[in-house]
Structures are given as structure tokens and as C-alpha cells.
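1. how does the following fold in three dimensions:
(one chain, ligands or ions: 1)
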Amino acid sequence: MRFDILSVVPELLESPLNHSIMKRAKDKGLLEVYVHNLREYAEGKHRQVDDYPFGGGAGMVMKPEPIAACIRHLQSERSYDAIIYTTPDGPRLDQSLCNRISMFNHVMVLCGHYKGVDERIRETFITHEISIGDYVLSGGELAAAILVDAVGRLIPGVLNDETSALFDSFQDDLLAPPVYTRPAIWEGKAVPEVLLSGHERNIDSWRHDQSLARTRMRRPDLYEKYERGG
Ligand code: ADE
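-> Residues are numbered from 1 along each chain as shown. All right, here's what the predicted structure looks like:
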């Protein structure tokens, strides 16, 4: 799977996608991530990527021309399954959307900055808009990194034990159960007996009960969805 990320601050994406599981996915050739600096597509001496908003008001707006030039350049090289814009006013990213995006081969991600992009870019090119939550970041780069991480780990072969993503929180609208490792007693606190029993069916049933209880307590909204059957 290939991601092309369009940004005015490409440096922000250097570290998050070059370590741990994302690095392994790239090393295995399962994930490619290219970051494009929109300034390189801007015209003029100052390579300006933003401008004042028509109608006045605070903040700057991302100019349409450099974004269009970059998108069209990439589209001339391959076709894209999705062109995503990261913005706090988009629909909230969730696991089911991550699952769907992980089926795509080529995805472009435009990182919003300043007050956002000129609306005509959204109308002309954007196929999906994504918010990572109801708070405002100083730019869409961290949201793009979260998207690539959450989607990248779902690509078959990226995780060591391929089945492990199947049991993540949210894959079945339930939160994951608690986990423990050695020592079996730490500072007087013992690991639940059943996990030491070696009895697989009892362990599965305990984990399922824990998932249900956790979800009901912490995320009644998810629990309701689970009870309705998704
Ligand atoms: N850009 C700024 N805030 C954002 C958010 N919450 N989600 C996605 N992109 C953003």
C-alpha cells in the first residue's frame, strides 16, 4: 500500500512513521510513504502556500494552486483510490473506516494547515475527510501520521501474528480485555487465576466477559452498538 502525504511542514512526519511497526512494514515492502512538500509546487519568489481569507477574519488559508499542482502531478503517475483531507470538521476516524482504507492500494492525504484549505480544493479533489477527534491540532500532519499508523498495521503481513489485529479494541465494537505479564505477583497484586490455568476455553470466556464489562462501563455508546449487532 502506498501513501502520498501532502504537507507544508513535511518535517513533522519524519519521526512518527519511521520506527517500530511502521518501519518494519516499510522494510518488508508492504507499506510505502512519500511526503511531498507543497512549497515545492508553489510559484513565485517566495513560494507562497497560504494567503489572506476573502471576506477578512483571522488566520491564513492554504492556496489552491500548489495543492492542485501536486495532486495532478501525482495523479499523472498513478490512479488513487482515495484523496483524504485531514480536518477537524470532517467525520471522525474510527476502526471501521481504517479497515476500509486498508483495502486501498494508493491513497493521498492532504494535511490541512492554518485555517484550512480553499474550499474549492475540497470540492474538486477530496474523496474523504477525516477528523481524529473533537479538538484542534496546529496542523493535519499528526492526524495523517495517526491515519497511516492505524491503517498500515492492518495490512496483511505487517503485524507479526497476523491474527492479532482481529482482537484489537474496536474490531468487534468491544474494548480489549486487560493484559498481564510476569511476574505473576507484583507488589502484592496477583494476576487473575484463570490466566495461569492453561485452560484455553475458560481464558477465552474470561476475556470476553472482561471485554463486555469494560465496554459497558467505559464506553456505553459502543456497548449499545455491540448489543444492536453493529
Ligand atoms: N487538523 C487540525 N485538527 C485536526 C483534527 N482534530 N483532526 C484532523 N485534522 C486536524
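2. when you work out contacts or count neighbours from here on, use the C-alpha atoms and nothing else.
-> OK.
3. my guess is Ala58 is in a helix, correct?
-> No: counting by DSSP: H, G, I helix; E, B strand; the rest coil, Ala58 falls outside a helix, being coil.
4. in the helix or strand of the chain with the lowest mean pLDDT, which residues are buried?
-> Here the helix or strand of the chain ranked lowest by mean pLDDT, DSSP states H and E is helix 20-27, holding a mean of 91. For helix 20-27, the neighbour count (16 or more other Cα atoms under 10 Å) marks 21-26 as buried.
5. now that helix - C-alpha only, PDB.
-> The C-alpha trace of helix 20-27 is given here as PDB (Å, rounded to 0.1, in the frame of the first residue of the first chain):
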ATOM      1  CA  SER A  20       8.700   0.300  15.200                       C
ATOM      2  CA  ILE A  21       5.900  -1.400  13.300                       C
ATOM      3  CA  MET A  22       5.700   1.300  10.500                       C
ATOM      4  CA  LYS A  23       9.500   0.900   9.900                       C
ATOM      5  CA  ARG A  24       9.100  -2.900   9.700                       C
ATOM      6  CA  ALA A  25       6.200  -2.600   7.300                       C
ATOM      7  CA  LYS A  26       8.300  -0.300   5.000                       C
ATOM      8  CA  ASP A  27      11.300  -2.600   5.300                       C
END
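6. returning to what we had before: and of the buried residues of helix 20-27, the nearest to Leu195?
-> For those, the minimum distance to Leu195 (Cα to Cα) is 27.3 Å, reached by Ile21.
7. I'd guessed that closest one sits against Leu154; true?
-> No: applying Cα atoms under 8 Å as the test, Ile21 and Leu154 come out as separate, 10.8 Å apart.
8. host element of Gly44?
-> According to DSSP states H and E, Gly44 maps onto no helix or strand at all.
9. residues near it, how many?
-> As a burial measure, Gly44 scores 6 neighbours (other Cα atoms under 10 Å).
10. same question, Lys225
-> 13.
11. distance check, the residue nearest to it when sequence neighbours are not counted against Phe167.
-> In this structure, Lys225 finds its nearest non-sequential neighbour in Asp173, 7.0 Å apart by Cα to Cα, 6 or more residues apart in numbering. The spacing between Asp173 and Phe167, counted by Cα to Cα, to the nearest Å, is 11 Å.
12. of these two, give the one with the bigger neighbour count.
-> It is Asp173, of Asp173 and Phe167, that has more neighbours when counted by other Cα under 10 Å, with 23 against 13.
13. so how far is Leu142 from the more buried one?
-> Separation of Asp173 from Leu142 (Cα to Cα): 25 Å.
14. which stretches in the protein count as strands?
-> Taking DSSP state E, the strands of the chain run over residues 2-7, 32-37, 50-51, 61-62, 82-86, 106-111, 128-130, 185-186, 189-190.
15. do you know which of those lies nearest Pro178?
-> strand 189-190 (13.3 Å).
16. so what touches stretch 29-41?
-> 1-10, 13, 22, 25-26, 47-49, 66-67, 69-70, 152, 155, 157-158 (Cα atoms under 8 Å, 6 or more residues apart in numbering).
17. and the end-to-end length of that stretch?
-> Termini of stretch 29-41 sit 28 Å apart (Cα to Cα).
18. now that stretch: buried residues?
-> 30-33, 35-39, 41.
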